[in-house]
Structures are given as structure tokens and as C-alpha cells.
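Trainee: Build me a model from this:
(4 chains)
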2 protein chains.
Amino acid sequence: MTLEDVARRAKVSTATVSRVLNNVGQVKHSTVERVMQAVEELKYYPNLNARMLAGGPNRTLGMIVSNLENPFFLDIFRTLEADAHRRGYDVLVANTDYRPQQLVSTVKMMLGRGVSGLAVVVSEKKPSLIRELSESNLPVVFYDVGAAKANITNIKVDYRMGMQRIVEYLYGLGHRRMAFIGHHTTLEPLSDRKATFLEVAAEYAPRLKVMTVASADGPIGGQNGAREILTSGFRPTAVVCVNDFMALGVLRELHERRIRVPEEVSVTGFDNIGLAEFVSPALTTAHIPREEIGHLIGEALIPGSRGPVEGKEIRIETTLVVRESTAPASTRASRKRAASTRQRAKRAS
Amino acid sequence: MTLEDVARRAKVSTATVSRVLNNVGQVKHSTVERVMQAVEELKYYPNLNARMLAGGPNRTLGMIVSNLENPFFLDIFRTLEADAHRRGYDVLVANTDYRPQQLVSTVKMMLGRGVSGLAVVVSEKKPSLIRELSESNLPVVFYDVGAAKANITNIKVDYRMGMQRIVEYLYGLGHRRMAFIGHHTTLEPLSDRKATFLEVAAEYAPRLKVMTVASADGPIGGQNGAREILTSGFRPTAVVCVNDFMALGVLRELHERRIRVPEEVSVTGFDNIGLAEFVSPALTTAHIPREEIGHLIGEALIPGSRGPVEGKEIRIETTLVVRESTAPASTRASRKRAASTRQRAKRAS
DNA sequence: CCGTATAGTGTAAGCGCTTACACCAACGAG
DNA sequence: CTCGTTGGTGTAAGCGCTTACACTATACGG
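Mentor: Now for the predicted structure:
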């Protein structure tokens, strides 16, 4: 089924059919109906490759993420996709699994497909790529990496402030031994996070002791990280995770070892994924407004949006969300206080 | 950057460049090198739309799912994608949100993009679409719906048997009041599941009382479903969920109401998503081998696979996975037994 | 009644790529 | 020395679509 078949059946030229389908130019009403009918009868649908080749309306965005399995990325994707659909756009999504090499080939794939906008929401870096993309004039949104330019919008989360609040909060609760669990610490944006934790913690030195470990992103990685800490001899009263997804595994490991959270050990995440309030104990975390990020991406990438136009740098703030997984540090004296605090908190909610 | 630019720079014709890029035909070794160098220097990457239009090697698969947020679907996608990448394929994924209308437009989009194979892993139905797809000669894999034909591979999970085992197991534990939580029960494959539960339960009538409710897929839906049951007056000793994703929310609601799982109420899921063993209590569920499904799809869709060729109907069996969320029904007499059983089970693991 | 805008439609030139076919050189067999 | 044969390359015809441009009919003011 091609445009020509439709044209023949409707007894018009392919140009007219195209005009009808794309809703451009002047076409007599009766002709429109005839064409539409032919389209129906033939169950015609356009060959998008041909359309894009011919320079037709390009309504597809690309989005590249590091790990679609992590709800953080998935949520952004879903928000963007919903916005995009509402405007008649499709969005192609691709995974890099935190591999810079994969990022390169994925970007090429997206460009090769001719997306009209690209969101790069990854935690790995590839300077040459970022440069290349900057030099093109394709609308691009970077998350966490790169710098704003004419065609580039930049979204950065104030991770430092979030981490600051978490450590501060924990310290205020009496925690003096904290462990940090991260992943892929060889990747810059991710090692930055670890470094941020360390720097923030350093402000409380020497009273605050810290330890850091790294594993894979996800519950299993979190579990492994927790094991590593627990067998190291270091006895943290609080475990700070680089994200909620990993914290899930930490919670599990603690549960299996009969270490009560938060009575004996407090746990924090980051991101505030939906699951954070569905696990038990519900996770204390720093909220990153993923929906807002999704919307911002849509506005930057879809022309005609009233949104923050291209070439801006947007800073996202986080907010601390205290739930059940944190409590005053477990000292003999404070144990009881911890329990009652928790009770009070629950009653309040 | 087009093929022509590369050709000019390498001082050959576009045909030769194409041959080099696609690794077909005879090309002198020195020419290959010259072309490759030009490609590098120009940072050329092919316009995939043009390539597909011209009938070039089409290495992209499409996958349509009902709810990417549900790890069940995501796992299948990830497995397929990994397999596909290994063979040089890309996979385009799209969501329907359980909307048949969305299914239609998504399929058209996939066809319009010219995918070389399509996996339809959805819980909604659209007979006309299924028929159309059957009539095309595009390799297609259906999950849960449709029937095997020349170009169609069919994967069906033996849901009934899984449900049978769950109900049987629960009944054996002494449960006599069970509630079933489903979602989208107006969609055929999903109402089938509810019906299956009811039929299986009917075998134990009249001693077994049941109740069913429906909400949205996901933890929030599960929570709502649990609330509905709990406020209805019906006091189930076991809650059977249509999938793990919803069970997560049930667990949460029970936790918030201080109803202990499994001591007071047992909960089961279905699918055995990764998270099932990371929540507390870990979820008893029926395992669906999602990785196997992913692999099967890859084998059916990627030519040259040694796998089960087209036109087959494949039946997937489930296995009961008993974890912490189920225990003997809570009667005054059995309460203690329940606790000790659980202890024993844990020590065993 | 003519000139000129204007609505409505057709013609045809690409978009960047693949590939059938044509072509040429080199080479061994006869 | 001539004739297939084969390795290596170029030429050009599309793939299905969009769109600039050309064209025809109709309407309308002068």
C-alpha cells in the first residue's frame, strides 16, 4: 500500500493525497473525503522512512538513558512520552547500560533515524560526543553532563544540596558512622556523587567516620554493597545510597540479617522513586522531580512549546523526604527514643 | 554527510562505499581501507531512513507492551534487546497503556517504520489487528493473544496451572477466604485471569469463599484494591494478586494497617519479578520465565536463529515460588504453627 | 468582457541509499 | 592470440514520500 495506490483509488495525484494526510495546503472538502475513504479502504499507513527521507514532518524524539530498569529513568521517559504523544510525537528510547561506547553508537543510531530532538539522560560521559552534538543544530537536552549552547538545554540536579541535607539530617539524628553505596564510580557524574558525599561528610570530620563501597546499579548491587560493608568490620549506623533503586537491596540485606531498620541502622536513598514508599520500611530519600524533568525535556525538544526555549541551563532542586527508614542513631540510650519517635511519626501520617 | 561525500573523498562511487559499509560484494582491500578512512574523517553515519527505504539490510525489531513500568514487560524487553544487539539489531519499544486504540496506532507506527519483526506482548486484544498482522508476512510474535500461523509465533503462559497451584497451596495452608485483586478486567486476557481464579476457586466451593476487586496495574492500584477489600467487611486470610507489581501495593497497605503478613494475611503475586524477593516480606508468587520468553521472541524474529522457527505455538509453564508472604491461615489454633513454619523455612534457605 | 487573484490540483525533482546491470582489466585455458 | 571468467568498480534506476512550481478553472472588480 503506497501513496500511489491511494491516489489512484481516490482519482487524484499523490501530491493531493500527501496534502490531505499532512493537512497542508488547500484541498477541496469533497476531495479530502474521497482520499480519506480510500485510505480507510486500503488500510493505508504511511511509510515513515520515506516520509522522513523526503523531509516531511518529523515527529519523533530520541531519548537515551543509562538504565531503563532504574525507575528514575523510566519515569522521565514515561513523562516525556506522554507529553510527546499529546503533541503527536513518538519517542524512541535506548539504553546504554552505563557504557560510553554504547552511548556513541546509540547517538549515531538516533541521528541516523533522523530524530528531531534528542534527550541524553545518562550518567556516563563522552566529551567528543557532547562536542559533536553541540556543533550540530539538533535540539538536544543533556541531563547531568555537558553545557548549555544555542541548541543545547542543560538540566542539572543539585545533587550536592540534596546530599548535604541527607548527611546533615542523619548527623543531627546522632549518626557518626555512615557508609555510602554507589555504583560505576569510574564514570564521572557518578564519582562526583561519591565525592560529594565525601566532601559533605568531611565537614563533620573528625567526629563522623565514613566508608564507601561500589557495586552495580539496582537492588542486587545494593545488596552486595551492604554485604561488603557489613563484613568489613565497619559498623555504620546509617547507610547512604546513591539512589533508591540500590537502597532497595540494602533494605533487603539488612532484613535478612535481622538488622532492624531504622532501629539499628538507618538507610537513605536518592530520587524518591515510586517504590520508595511501597517498601517496608518506606524509604527516606531526596526527591528529584522526575516529572518536571520529563516536561522540561518535552518543552525544550518539541517546537511550539511555550516552555524554556533552547540554550538554557536549568537547575533542579531536591527535597528531603523523611519516611520510615531513618531514625536516631542506635545507642543504648537512644534505642527507646528511636522507637517512640517512629511511632509518633506514623501516627501523624 | 552523505554517502556521496564519503565517495568523493575516497575517490570511489557511492556504490562502492555502500558495498564496503554493508560488507557485500567484492571490494579491493586497499579500497576498503580508503573508504573506511573517509568514513572516519567525515564522521559519517548512515541515514537509516534512506537505507530502509532503499531496501537495505533491515535490522530493527519492534516490541509493543502494555505497561513498560511493570517489570514483567520490562524484563522481556531487556532480554530481547540484549539478544538483538548481539546480532546487530535494534529494538523499538512502545507502550499501549492497555488501550486497544493505542495498540492500533502503535502497530501502524511500527509497520510504518518498517520493522523486520514485531513482538506484541500486550494484555489487550484487537481482533481485526491480529487478523491483519496474520495476513501480512511480517514475522510476528504474539504473547497471550492470537493464534499461530505461517508468520506468527505464539507464546502462551499456562496461567491456569499457575493459578491452580497458588490456590491449591493456599487452600492446603488452611485458607478459606481469599480475595483476588486484578486490573483492567474488561480486557479479555485479563478477565480470563480473573475467571481462571474463580473457576479454580470454585473447585473448592463451598468451603472456600472468594471475593474479587479490580484496580489499576501497579503498586497504587494494588493498594487501592487492598483498601477496597479491607473496607468491604470481607475478611480474607489470603490475598491473591494478578501480578507481583500490584502485590507490592497490597503488602504496603497491609503494613500501614498493621496487619502482619503472613501471620494474619497471606499474599501472593504472579510473575516473580526481581523485586519480589527484595520486598519484605519477600513475595510468594508464580514464576514466569521472562528471560526465556525474551529469548524465544528473539529467535522467532531474527532470521538465522537456530531457534523455534515461525508458525509455532509455545506454551510456557510457571512454577510456584514460596517465600515469606504466605503461611498457614491465621486461626487461633494455627497462629503459633504459622510462626514456627516460617522460621523453619527461613532456616532452610 | 478582460485581467488578475485565488482555490484546487497535477507534474516532477529530489531526499540518501541499495543494487541490478554494465563495464573494464587481468588472467588462464585453449 | 583469442575467448571466457572473474575481480573490482561505476552508472543509474528506483524505494515512497514531500513540495516547489506549473497549471487550470472559477470568481470578481473594473
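
Trainee: Who are the contact partners of residue A:28?
Mentor: Not one residue lies near residue A:28 by C-beta atoms under 8 Å, 6 or more residues apart in numbering or on different chains. In short, each C-beta sits where N, CA and C put it, glycine included.

Trainee: mind listing the helices for chain A?
Mentor: A:3-10, A:14-22, A:29-42, A:48-53, A:71-86, A:100-113, A:127-135, A:159-172, A:188-202, A:219-232, A:244-256, A:290-301, A:335-348 (DSSP state H).

Trainee: roughly how far apart are the residue lying closest to residue A:44 once chain neighbours are set aside and residue B:112?
Mentor: Closest residue to residue A:44 apart from its sequence neighbours, by C-beta to C-beta, 6 or more residues apart in numbering or on different chains: residue A:1 at 4.7 Å. Distance from residue A:1 to residue B:112, counting by C-beta to C-beta, to the nearest Å: 11 Å.

Trainee: out of the two, which sits in the busier spot?
Mentor: Using other C-beta atoms under 10 Å in any protein chain shown as the criterion, residue A:1 and residue B:112 rank with residue B:112 on top: 17 against 13.

Trainee: Isn't the more buried one up against residue A:45?
Mentor: Yes. Residue B:112 is within contact range of residue A:45, at 5.3 Å (criterion: C-beta atoms under 8 Å).

Trainee: Now for residue A:29, how many residues are close by?
Mentor: 7.

Trainee: ditto for the one 5 residues further on
Mentor: When neighbours are counted by other C-beta under 10 Å, residue A:34 registers 18.

Trainee: where does it land on pLDDT?
Mentor: On the pLDDT scale, residue A:34 is placed at 96.

Trainee: wait, it sits on residue A:8?
Mentor: No. The pair residue A:34 / residue A:8 is not scored as a contact, 11.9 Å apart, by C-beta under 8 Å.

Trainee: how many other residues sit next to residue A:303?
Mentor: Neighbours around residue A:303, by other C-beta under 10 Å: 11.

Trainee: Tell me the residues on the stretch 1-150 of chain A that lie near DNA strand C, please.
Mentor: A:11-16, A:19, A:25-31, A:50, A:53-55 (C-beta under 7 Å from any atom of the strand).

Trainee: PyMOL command for the buried members of the residues you listed?
Mentor: Under the burial definition 16 or more other C-beta atoms under 10 Å in any protein chain shown, those of these that qualify are selected in PyMOL by:
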select buried, chain A and resi 12+16+19+31+50+53
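
Trainee: Identify the residues contacting the residue nearest to residue A:44.
Mentor: Counted by C-beta under 8 Å, 6+ apart, residue A:1 has contacts A:42, A:43, A:44, A:45.

Trainee: So which of those wins on neighbours?
Mentor: residue A:44 (19 neighbours).

Trainee: Could I get the contacting residues of that residue?
Mentor: Shown in contact with residue A:44 (C-beta under 8 Å, 6+ apart): A:1, A:2, A:3, A:5, A:6, A:38.

Trainee: Could you find the closest non-adjacent residue to residue A:25?
Mentor: Closest to residue A:25 by C-beta to C-beta, 6+ apart is residue A:19, at 4.5 Å.

Trainee: That neighbour and residue A:56, how far apart?
Mentor: Distance from residue A:19 to residue A:56, by C-beta to C-beta: 12 Å.

Trainee: so what's the residue lying closest to residue A:59 once chain neighbours are set aside up against?
Mentor: The shortest distance from residue A:59 to any non-neighbouring residue, by C-beta to C-beta, 6+ apart, is to residue A:89 (4.6 Å). The contact partners of residue A:89, taken as C-beta under 8 Å, 6+ apart, are A:59, A:60, A:61, A:302.

Trainee: mind checking the backbone torsions on residue A:89?
Mentor: When read as degrees, to the nearest 10, the backbone of residue A:89 gives phi -100, psi 150.

Trainee: quick one: it from residue B:203, how far?
Mentor: For residue A:89, the distance to residue B:203 - C-beta to C-beta - is 50 Å.

Trainee: nearest spatial neighbour of residue A:257, skipping sequence neighbours?
Mentor: residue A:230 (6.8 Å).

Trainee: quick one: low-confidence parts of the stretch 201-349 of chain A?
Mentor: Within the stretch 201-349 of chain A, the segments meeting pLDDT under 70 span A:305-311, A:331-349.

Trainee: and it, which residues reach chain B?
Mentor: Counting by C-beta under 8 Å from any C-beta of the partner chain, the stretch 201-349 of chain A comes close to chain B at A:219-220, A:223, A:248-249, A:251-252, A:255, A:274-275, A:277-280, A:282.

Trainee: Filtering the residues of the stretch 1-150 of chain A next to DNA strand C by proximity to DNA strand D, which remain?
Mentor: A:14, A:15, A:19, A:50, A:53, A:54, A:55.

Trainee: Just give me the closest of the contacts of residue A:1 to chain B.
Mentor: Comparing those against chain B with C-beta to the nearest C-beta places residue A:45 closest, at 4.3 Å.

Trainee: Common neighbours of residue A:19 and residue A:56, please.
Mentor: Common contacts of residue A:19 and residue A:56, defined by C-beta under 8 Å, 6+ apart, are absent altogether.

Trainee: before we move on, the earlier item: any idea of the pLDDT on the residue nearest to residue A:25?
Mentor: 96.

Trainee: Single out the most deeply packed of the helices of chain A.
Mentor: Mean neighbours per residue, mean count of other C-beta atoms under 10 Å in any protein chain shown, is largest over the helices of chain A for helix A:244-256, with a mean of 26.

Trainee: Taking helix A:219-232 as reference, get the angle to that helix.
Mentor: Compare the direction of helix A:244-256 with that of helix A:219-232 by axes from the mean of the first three to the mean of the last three C-alpha atoms, to 10 degrees and you get 50 degrees.

Trainee: Now helix A:244-256 - C-alpha only, PDB.
Mentor: Provided in PDB are the C-alpha atoms of helix A:244-256 (Å, rounded to 0.1, in the frame of the first residue of the first chain):
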ATOM      1  CA  ASP A 244      16.700   4.400  45.800                       C
ATOM      2  CA  PHE A 245      17.000   1.600  43.400                       C
ATOM      3  CA  MET A 246      20.100   0.400  45.200                       C
ATOM      4  CA  ALA A 247      18.700   1.200  48.600                       C
ATOM      5  CA  LEU A 248      16.000  -1.500  48.000                       C
ATOM      6  CA  GLY A 249      18.700  -4.100  48.000                       C
ATOM      7  CA  VAL A 250      20.300  -2.700  51.200                       C
ATOM      8  CA  LEU A 251      17.000  -2.900  52.900                       C
ATOM      9  CA  ARG A 252      16.700  -6.500  51.900                       C
ATOM     10  CA  GLU A 253      20.100  -7.500  53.100                       C
ATOM     11  CA  LEU A 254      19.500  -5.800  56.400                       C
ATOM     12  CA  HIS A 255      16.200  -7.600  56.700                       C
ATOM     13  CA  GLU A 256      17.800 -11.000  56.000                       C
END
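
Trainee: Which residue, other than its chain neighbours, is closest to residue A:210?
Mentor: residue A:201 (4.7 Å).
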